[in-house]
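# Predicted model and sequence below, questions to follow.
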Amino acid sequence: MKMVKVIGSVTSTIKDDCLKGVKLLFVQAVDIDLTERNDFYIAIDTVGLGEGELGLMVIGSTAKLTDITKGRNVDAALVAKVERIDLKNINHIV
């Protein structure tokens, strides 16, 4: 899983049938201290995230395992909203 920040949405009027009816979000990976990384993705939103919110994203075949993404040609899915991060001692992690 990757922690990402929603930075926008993607609108596509012409697309494969498997992508009809899903919300596509433009996301940017963030580090443990929420510093933005230079990694960008387009992901299907399965949890209702909005711009500026943090989420957990799965990629690859795992992205096809949610109720919304089953049977769809997807490579990235947002599967959780991050509301709080608790770290006892960040100095040992970084």
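Yep, it's here.
# Neighbours of R37, how many?
13 (other CB atoms under 10 Å). Just so you know, the C-beta spots here come from the backbone N, C-alpha and C atoms, and that holds for glycine as well.
# Isn't it up against V27?
No. The pair R37 / V27 is not scored as a contact, 10.8 Å apart, by CB atoms under 8 Å.
# Quick check on L19: phi, psi?
Phi and psi for L19, reported as degrees, to the nearest 10, are phi -100, psi 0.
# Let me see the contact set for it.
Neighbouring residues of L19 by CB atoms under 8 Å, 6 or more residues apart in numbering: S12, R72, N73, V74.
# Which one of those is nearest to L49?
L49 lies nearest to V74 out of these, by CB to CB, at 15.6 Å.
# Please give the element, helix or strand, for that closest one.
Under DSSP states H and E, no helix or strand contains V74.
# From I59, how far out is it?
Per CB to CB, to the nearest Å, V74 is found 9 Å from I59.
# Tell me which of those two has more neighbours.
Neighbour totals were compared for V74 and I59, and V74 leads with 24 against 14 (other CB under 10 Å).
# That one contacts I44, doesn't it?
Yes. Counting by CB under 8 Å, V74 does reach I44; the two are 5.3 Å apart.
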